[in-house]
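Peer 1: Let's see this in three dimensions:
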Amino acid sequence: MKGLGGVLPLAVVLGGAAFAQEAALPAGSYALDPYHSSLRFSVSHLGFSDYVMSFDRFEADLELDPAAPGGAMLSVTVDPSSLDVPAPPEGFMGELMGESWLNVAAHPEITFVSTAVEMTGDKTATVTGDLTLLGVTKPVVLEVTFNGGYAGHPFDPNARVGFSGTGRFNRSDFGMGYGVPAPGTTMGVGDTVSVEVEAEFTGPAMEETQDQD
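Peer 2: A predicted model of the protein is given here:
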């Protein structure tokens with residue numbers, strides 16, 4: 001799928017030995033279930049609070065072999081114009097879409113493509129990937145937890161897996177330096193962007209369902 005977190009935001013993967021315990025999950029292509037996924041991020045506001053926002057439209061593809069989760073590949077595309085902000089004042093959304101921030105006219109997509117997956121536990125992994133934001137591509141790391149999955153059942157015949165992920169990056173690294181506080185102060189909008197992803201993916205159909213096709 002092409003499309004976003006998002007991540008951004010967004011992403012996600014894998015826990016080695018844990019997959020072997022998950023009812024014979026099939027290898028293959030898994031697509032994001034947008035109805036059960038979210039891409040949120042936050043930045044500091046004056047050092048007084050974290051301002052939380054989200055993207056409503058993002059897509060992701062996951063190539064997954066449960067027998068070799070370290071070889072998984074994830075790609076995410078985010079539509080930045082789908083930014084969702086709580087109670088924005090008049091004119092604020094137009095400002096965020098403009099050149100000082102997301103500049104959606106010139107950069108209508110944000111993408112994340114994984115480059116490495118390192119298992120850190122039975123259900124946890126570090127996923128490194130290339131984040132492209134405002135036309136700048138830099139590596140970003142996500143800490144991911146595998147929440148479980150199944151090979152399908154009669155009410156949901158496709159395989160399904162779920163992940164939670166977190167990450168951080170500095171927006172100024174991507175050319176978005178507007179409003180970053182001067183050194184030694186918090187007067188402005190923080191440079192560090194914290195990302196939170198909840199993602200479910202659907203995969204190949206159950207064998208008995210495939211046999212009926």
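Peer 1: Which stretches in this protein count as strands?
Peer 2: Ranges of strands in the chain, per DSSP state E, are 28-32, 38-45, 49-55, 58-64, 73-78, 83-84, 110-119, 124-133, 136-150, 158-170, 192-205.
Peer 1: Just the CA trace of the first one, in PDB.
Peer 2: Think strand 28-32. C-alpha atoms of strand 28-32 as PDB (Å, rounded to 0.1, in the frame of the first residue of the first chain):
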ATOM      1  CA  GLY A  28       3.600 -13.200   3.700                       C
ATOM      2  CA  SER A  29       2.300  -9.700   3.100                       C
ATOM      3  CA  TYR A  30       0.400  -7.900   5.900                       C
ATOM      4  CA  ALA A  31      -1.500  -4.700   5.300                       C
ATOM      5  CA  LEU A  32      -2.400  -2.100   8.000                       C
END
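Peer 1: any idea of the angle it forms with strand 73-78?
Peer 2: Calculated by axes from the mean of the first three to the mean of the last three C-alpha atoms, to 10 degrees, strand 28-32 forms an angle of 20 degrees with strand 73-78.
Peer 1: Same check on the longest one?
Peer 2: Angular relation of strand 136-150 and strand 73-78 on a 0 to 180 degree scale: 110 degrees, by the same axes, to 10 degrees.
Peer 1: In space, what's closest to Val43 - neighbours in sequence excluded?
Peer 2: Spatially, and ignoring its direct neighbours in sequence, Val43 is nearest to Gly190 (4.6 Å; C-beta to C-beta, 6 or more residues apart in numbering). Just so you know, the C-beta spots here come from the backbone N, C-alpha and C atoms, and that holds for glycine as well.
Peer 1: From Ser42, how far off is that neighbour?
Peer 2: From Gly190 across to Ser42, the span is 9 Å (C-beta to C-beta, to the nearest Å).
Peer 1: Of the two, give the one with the bigger neighbour count.
Peer 2: Gly190 (20 against 17; other C-beta atoms under 10 Å).
Peer 1: which residues touch the more buried one?
Peer 2: For Gly190, the contacting residues are 43-45, 47, 180-181, by C-beta atoms under 8 Å, 6 or more residues apart in numbering.
Peer 1: Can you list the buried residues in stretch 49-68?
Peer 2: Neighbour-count burial for stretch 49-68, with 16 or more other C-beta atoms under 10 Å as criterion, is recorded at 53-55, 57-64, 66.
Peer 1: I'd like the residues you listed written out as JSON lines, with pLDDT added.
Peer 2: Compiled in JSON lines, the buried residues of stretch 49-68 are given as follows (pLDDT from 0 to 100):
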{"residue": "Met53", "pLDDT": "98"}
{"residue": "Ser54", "pLDDT": "98"}
{"residue": "Phe55", "pLDDT": "98"}
{"residue": "Arg57", "pLDDT": "98"}
{"residue": "Phe58", "pLDDT": "98"}
{"residue": "Glu59", "pLDDT": "98"}
{"residue": "Ala60", "pLDDT": "98"}
{"residue": "Asp61", "pLDDT": "98"}
{"residue": "Leu62", "pLDDT": "98"}
{"residue": "Glu63", "pLDDT": "98"}
{"residue": "Leu64", "pLDDT": "96"}
{"residue": "Pro66", "pLDDT": "90"}
